[in-house]
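[1] Sequence first, predicted model second:
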Amino acid sequence: MQPSEYPLLEEFLYLAIYIPKGFEGEVPRSIIYDDPKCRAAFENFGTLPDDRALVAEVDGTVVGACWVRTTDEYGHVDDGTPSFSISVRKECRGQGIGTALMSRMIDDLRSAGYARASLSVQKENPACRLYERLGFRVVGNGADKSEWLMVRELCGRFLIIETDRLILRPWLLSDAADLFELASDPAVGPIAGWPPHKSVEDSSNIIKAVLSAPETYAVVLKSSGELVGCAGFNAGEAASMPLANDELELGYWIGKPYWGHGFATEAARAVIKHGFTDLGLSGIHSGYYDGNDRSRNVLEKLGFEFVRTVYDAPCPLLGETRTEHLLNLSADKRRINSWQ
């Protein structure tokens, strides 16, 4: 796209607005100017280093546009991930123009070394199927809960683990508000050994410093895109016990509104299977503090066996000591069969 054509992005963004069946009337053009996240998709385009845009022409007329930015628009996940916008004029749709534009942009972003790309799309929009064919995968809700947030791997790995009801995927900075809503509840963190989050900024910092670690996954409902908790592995200093090179420590928590549905067991089982089958672990350790019966029940369902009780175990994030019960699950066939 030539700089002289950048003003066209406003028109194409307006054309990209999804109109659901049964909607009567006309969507006011002012919406793209009144909504800050809409404005972020085109305002001052070309002034930021990650701004990229392609157009499709038919007989010398621009009929479609595909552009990416890392501004705080609807598909934004973090400052290093370009977010897609795509639009084709109505009379030119269904001819593969949008697919061609997005495929070319994906190739360009990969060549430039970007790890992944993202987008946001209305859950009812048939374009979801196009994005899936191009390798984008649903990872949860967008900024508006009527939208899906979708992510595509480019040069970096973005592992997604799916179960019957859940999606487990890496944490994103855009999860901060939803994380705060769950993790600020004093019923959730302290029983697991960490303090309630104090603000969305606090949650954002914890995503950066803690939850961005390898093998740490946000747990999301497949059906609605809601964030429900966290599951994954700890290693090294992050683990609460010494581990062999082929062992990891399992950790998990589920937000209080989602207790009682078996999500912790389902998420932990998926992480365990990944650990044994993909990571080649020989054993997985875990533990719970005395009184945390929910966690104990999950570990028992998964076939973990009691190892020992540690009295006066340090709980550094809360500045206290507790009684901790340690358990283990080995990779031998008998125990694997108990959780598959």
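    Arrived safely, thanks for sending. Numbers count the residues shown, from 1 in each chain.
[2] next SSE after the helix or strand hosting Leu299?
    For Leu299, the host element (DSSP states H and E) is helix 293-301. Using DSSP H and E, the helix or strand that follows helix 293-301 in sequence is strand 305-315.
[3] Just the buried positions in that next one, please.
    The neighbour-count criterion (16 or more other C-beta atoms under 10 Å) identifies 310, 313, 315 as the buried residues of strand 305-315. Every residue, glycine included, has its C-beta placed from N, CA and C.
[4] And whichever helix or strand comes after that strand, how far out from the chain middle?
    As assigned by DSSP H and E, the chain's next helix or strand after strand 305-315 is strand 320-330. Distance, stretch centre to chain centre, for strand 320-330: 29 Å (C-alpha atoms, centre = their mean, to the nearest Å).
[5] so Gly283 touches Asp332, yeah?
    No - checked against C-beta atoms under 8 Å, the pair Gly283 and Asp332 is beyond contact range at 9.4 Å.
[6] In terms of packing, which of these two has more residues around it?
    Gly283 (17 against 10; other C-beta atoms under 10 Å).
[7] give the contact list for the more buried one.
    244, 246-247, 328-331 (C-beta atoms under 8 Å, 6 or more residues apart in numbering).
[8] Okay, and the beta partners of it?
    Taking DSSP bridges as the rule, Gly283 bridges to Glu247, Ser330.
[9] separation between it and Ile161?
    20 Å (C-beta to C-beta, to the nearest Å).
[10] On the strand side of things, show who Val58 bridges to.
    With DSSP bridges as the rule, Val58 is bridged to Thr61.
[11] Next one, pLDDT for the closest residue to Leu248 other than its chain neighbours please.
    The shortest distance from Leu248 to any non-neighbouring residue, by C-beta to C-beta, 6 or more residues apart in numbering, is to Phe233 (3.9 Å). pLDDT, Phe233: 96.
[12] Tell me how many other residues crowd Phe233.
    By other C-beta under 10 Å, neighbour count at Phe233 equals 26.
[13] Just say helix, strand or coil for it.
    Applying DSSP: H, G, I helix; E, B strand; the rest coil to Phe233 yields a three-state assignment of strand.
[14] That one against Tyr217, yeah?
    No - the criterion here is C-beta under 8 Å, and Phe233 misses it with Tyr217 at 9.2 Å.
[15] Identify the contacts common to these two.
    Val271.
[16] Look up how far Lys301 lies from Ile284.
    14 Å.
[17] same question, Asp51
    Asp51 is 50 Å from Lys301, by C-beta to C-beta.
[18] which one of those two has more residues nearby?
    For Asp51 versus Lys301, neighbours defined as other C-beta under 10 Å are more numerous around Asp51 (18 against 15).
[19] residues contacting that one?
    45, 67-69.
[20] ok, now with 7 Å
    45, 69 (C-beta atoms under 7 Å, 6 or more residues apart in numbering).
[21] Next: Ala238.
    Contacts of Ala238 (C-beta under 7 Å, 6+ apart): Ala213.
[22] let's see it at 10 Å
    210, 213, 216, 249, 251 (C-beta atoms under 10 Å, 6 or more residues apart in numbering).
[23] now, among those, which is nearest to Ala117?
    Closest to Ala117 out of the contacts of Ala238 is Thr216 (21.6 Å), distances taken as C-beta to C-beta.
[24] neighbours around the residue nearest to the closest one when sequence neighbours are not counted, how many?
    Nearest residue to Thr216 in three dimensions, chain neighbours excluded: Gly232, at 3.9 Å (C-beta to C-beta, 6+ apart). Gly232 has 26 neighbours, counted by other C-beta under 10 Å.
[25] Spell out the residue ranges of the strands in the stretch 101-250 of the chain.
    Remark: strands assigned in the stretch 101-250 of the chain by DSSP state E, counting those that start in this stretch are 116-122, 137-141, 147-153, 161-162, 166-170, 216-221, 227-234, 247-254.
[26] for the shortest one, packing partners?
    So that's strand 161-162. strand 166-170, helix 263-277 (3 or more C-beta pairs under 10 Å, 6 or more residues apart in numbering; DSSP states H and E).
[27] Off-centre distance for it?
    12 Å.
[28] try the third one
    Counting by C-alpha atoms, centre = their mean, strand 147-153 is centred 8 Å from the centre of its parent chain.
[29] Any chance of CSV for the strands of the stretch 101-250 of the chain, columns distance to Asp107?
    Output for the strands of the stretch 101-250 of the chain, formatted as CSV (distance: least, C-beta to C-beta, whole Å):
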stretch, distance to Asp107
strand 116-122, 11
strand 137-141, 18
strand 147-153, 12
strand 161-162, 27
strand 166-170, 23
strand 216-221, 28
strand 227-234, 32
strand 247-254, 36
